[in-house]
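Engineer: Below is the sequence, then the predicted model.
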Amino acid sequence: MGNSCSNNLGIPPAKGPNAVGCSDFMMDHTVEGTFFRLYYPCVVSDNAEKPDWIPCKGYFYGLADFMKINRGLSEKIFNYLFGSFKIPAALNGSYKQNGKYPVVIFSHGLGAFRTLYSAICTELASQGFIVASVEHRDESASATYFYHQKPQEPKKDEASPPKPNPEAPENLVEEWMYYRSLKPGESEFPLRNKQVKQRADECIKALDTLIQINSGKNMENVLQTEFDWTTLENSMDLCRIAVMGHSFGGATVVEALCKDVNFKCGIALDAWMFPLDEEIYVRVKQPIFFINSEKFQWAGNISRMRKLDSSSTSMQRKMITIKGTVHQSFPDFTFLTGNWIGKILKLKGEIDPQVGIDLCNRASLAFLQRHLGLNKDFNQWDHLIEGKDHNLIPGTNVTEIS
Ligand SMILES: CCN(CC)CCN(C[C@]12C[C@](c3ccc(C(F)(F)F)cc3)(C1)C2)C(=O)Cn1c(SCc2ccc(F)cc2)nc(=O)c2c1C=CC2
């Protein structure tokens, strides 16, 4: 089927005034390093190549493991279904210098990885943001990879020096890390709590890397992409930084806001609050916007979000629910299957996926303008922050027991 099939499936192009460029960055090739996909406003070029949505097949293996289905069979199915999809952006497009852009760090959900939220990230970039979608190495991603220094070959006679591995950069060996499921009898909270702390640290590490890139420092990108990162010198407005994430990434938003006041506000999409410590709720001071689906939330989860409301900054805590959406209405999968499969796999809700993501994106832009102090026209969507739309519910539809 792929993206050339009759029912014109595919990730929708962004609607903002800027063309979008996309490039991958990995620094310090080890597992402790930083790895993200950058989306940014770029110069229009009609013949630009588009980035692959699923960059390599290790991710299909990971998705199969995450969904506990057979690797071999599912690798063929995923490859057939999703292998040819591209992202509506220019791979390594030339950066478009136009003042300093605000910055968003995006955190993916459990079992996802950095490329799966491109409808959201490309829209933000097209509206004039620089977006880094982090790939987490906390074993919550379906799959991710990093590199090992090739072990020094035992000294042979000088005549035959070790041949460097042509694919891997500077003879580094690629290593994959897959989703770690709970062991039988293992209690979930300690694992998820440790992971959410690592995830927040990885968001902060990505931000620190962007700050270095912004200073014009010549960064070593382990992935030898055709992108000149020094062109991003002075491109970022480091007073206007937000953190955003889906589900487990929503909990990561709260944890990251707590750890680094450089994040001026956060947007949590269908946040999964379980991994967070109880005492974090009184420690977060920045504005947070909870954008929920109709089907994922439950009373315990909502009551944890409410705890963030009760603090003094209640005016800056907002929550809306998008009618007819499901948990998978936020990642890109919601655009990539026909209606029937989508509904059966719970990748689609009742609402048209494009309408759902537009509401999410526009409400987010209005919230970012308000709390990053942007002087754009995103305030035209302020009513969406209050849930004023026939497809929105102010707050939540969950009837709370507690
Ligand atoms: C049995 C597995 N069991 C694992 C604990 C539950 C699996 N599960 C429901 C799924 C993800 C699903 C999915 C994806 C993708 C196809 C495909 F066919 F399109 F590829 C199909 C079916 C399987 C819907 C979730 O985990 C839901 N969820 C998610 S889903 C994030 C995600 C993952 C993979 C993606 F490709 C895209 C998005 N992120 C979270 O942070 C949290 C939760 C729950 C609590 C916290």
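Structural biologist: Cool, the structure landed. No experiment lies behind these values; they were computed from the predicted model shown.

Engineer: hey, let's count contacts and neighbours off CA atoms from now on
Structural biologist: Will do.

Engineer: list the contacts for the closest residue to the ligand within the stretch 201-350 of the chain?
Structural biologist: Going by C-alpha to the nearest ligand atom, the ligand is nearest to Phe248 of the stretch 201-350 of the chain, at 3.6 Å. When contacts are counted by C-alpha atoms under 8 Å, 6 or more residues apart in numbering, Phe248 is found next to His108, Gly109, Leu110, Val196, Ala271, Trp272, Met273, Pro275.

Engineer: Model confidence for it, exactly?
Structural biologist: Looking at Phe248, its pLDDT reads 98.

Engineer: Not counting sequence-adjacent ones, nearest residue to it?
Structural biologist: Gly109 (4.8 Å; C-alpha to C-alpha, 6 or more residues apart in numbering).

Engineer: Tell me the spacing between the closest residue to Ile322 other than its chain neighbours and the ligand.
Structural biologist: Distances taken as C-alpha to C-alpha, 6+ apart put Leu392 closest to Ile322, at 4.7 Å, once the chain neighbours are dropped. Distance, Leu392 to the ligand, using C-alpha to the nearest ligand atom, to the nearest Å: 22 Å.

Engineer: Tell me how many other residues crowd Leu392.
Structural biologist: Neighbourhood size, Leu392 [other C-alpha atoms under 10 Å]: 24.

Engineer: What score does it have for pLDDT?
Structural biologist: pLDDT at Leu392 comes out at 98.

Engineer: Check Phe289 too.
Structural biologist: Reported pLDDT for Phe289: 97.

Engineer: would it count as being in a strand?
Structural biologist: Yes: counting by DSSP: H, G, I helix; E, B strand; the rest coil, Phe289 is located in a strand.

Engineer: picking up where we left off before, any chance of TSV for the contacts of Phe248, columns secondary structure, neighbour count and distance to Met305?
Structural biologist: Formatted as TSV, the contacts of Phe248 follow (DSSP: H, G, I helix; E, B strand; the rest coil; neighbours: other C-alpha atoms under 10 Å; distance: C-alpha to C-alpha, whole Å):
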residue	secondary structure	neighbour count	distance to Met305
His108	coil	27	19
Gly109	coil	26	17
Leu110	coil	19	19
Val196	helix	26	16
Ala271	coil	28	9
Trp272	coil	23	9
Met273	coil	21	7
Pro275	coil	20	13
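
Engineer: Check the residues you listed one by one and keep those near the ligand.
Structural biologist: Under the cut-off given by C-alpha under 6 Å from any ligand atom, the ligand has Gly109, Leu110, Trp272 from the contacts of Phe248 close to it.

Engineer: Show me which residues of the protein sit near the ligand.
Structural biologist: Phe66, Met67, Gly109, Leu110, Gly111, Ala112, Ser247, Phe248, Trp272, Pro331, Phe333, Leu345.

Engineer: Any stretches of this structure with poor pLDDT?
Structural biologist: Judged by pLDDT under 70, the chain has its weakly predicted residues at 1-8, 153-169, 310-315, 400-402.

Engineer: show me where it has strands.
Structural biologist: 19-27, 34-42, 90-91, 101-107, 130-134, 143-149, 172-178, 236-246, 265-269, 288-293, 317-322, 392-394 (DSSP state E).

Engineer: Need the ones you listed in a markdown table (columns: distance to Leu368).
Structural biologist: Formatted as a markdown table, the strands of the chain follow (distance: least, C-alpha to C-alpha, whole Å):
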| stretch | distance to Leu368 |
| --- | --- |
| strand 19-27 | 19 |
| strand 34-42 | 17 |
| strand 90-91 | 25 |
| strand 101-107 | 9 |
| strand 130-134 | 13 |
| strand 143-149 | 30 |
| strand 172-178 | 34 |
| strand 236-246 | 8 |
| strand 265-269 | 8 |
| strand 288-293 | 9 |
| strand 317-322 | 12 |
| strand 392-394 | 18 |
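
Engineer: just so I know, which of these lies nearest Arg362?
Structural biologist: Taking C-alpha to C-alpha, strand 288-293 is the member of these nearest to Arg362, at 11.4 Å.

Engineer: who touches Glu226 in this structure?
Structural biologist: By C-alpha under 8 Å, 6+ apart, the neighbours of Glu226 are Asn92.

Engineer: picking up where we left off before, pretty sure the residue nearest to Phe248 sits against His246.
Structural biologist: Yes: using C-alpha atoms under 8 Å, Gly109 is in contact with His246, at 5.3 Å.

Engineer: Closest one to Val355 out of the ones next to the ligand among the contacts of Phe248, please.
Structural biologist: For the ones next to the ligand among the contacts of Phe248, with Val355 as the reference and C-alpha to C-alpha as the criterion, the closest is Gly109, at 21.6 Å.

Engineer: need the contact list for that closest one.
Structural biologist: Contacts of Gly109 (C-alpha under 8 Å, 6+ apart): Ser140, Ala141, Gly245, His246, Ser247, Phe248, Gly249, Gly250.

Engineer: mind redoing it with 7 Å?
Structural biologist: His246, Ser247, Phe248, Gly249 (C-alpha atoms under 7 Å, 6 or more residues apart in numbering).

Engineer: any idea how far the second one is from Ser215?
Structural biologist: Relative to Ser215, Ser247 is positioned 32 Å away (criterion: C-alpha to C-alpha, to the nearest Å).

Engineer: just Leu124 next, same as before
Structural biologist: Leu124 sits 23 Å away from Ser215, taking C-alpha to C-alpha as the criterion.

Engineer: what does Asn79 give?
Structural biologist: 40 Å.

Engineer: Next: Gly72.
Structural biologist: 45 Å.

Engineer: Same question for Lys285.
Structural biologist: Applying C-alpha to C-alpha to Lys285 and Ser215 gives a distance of 28 Å.
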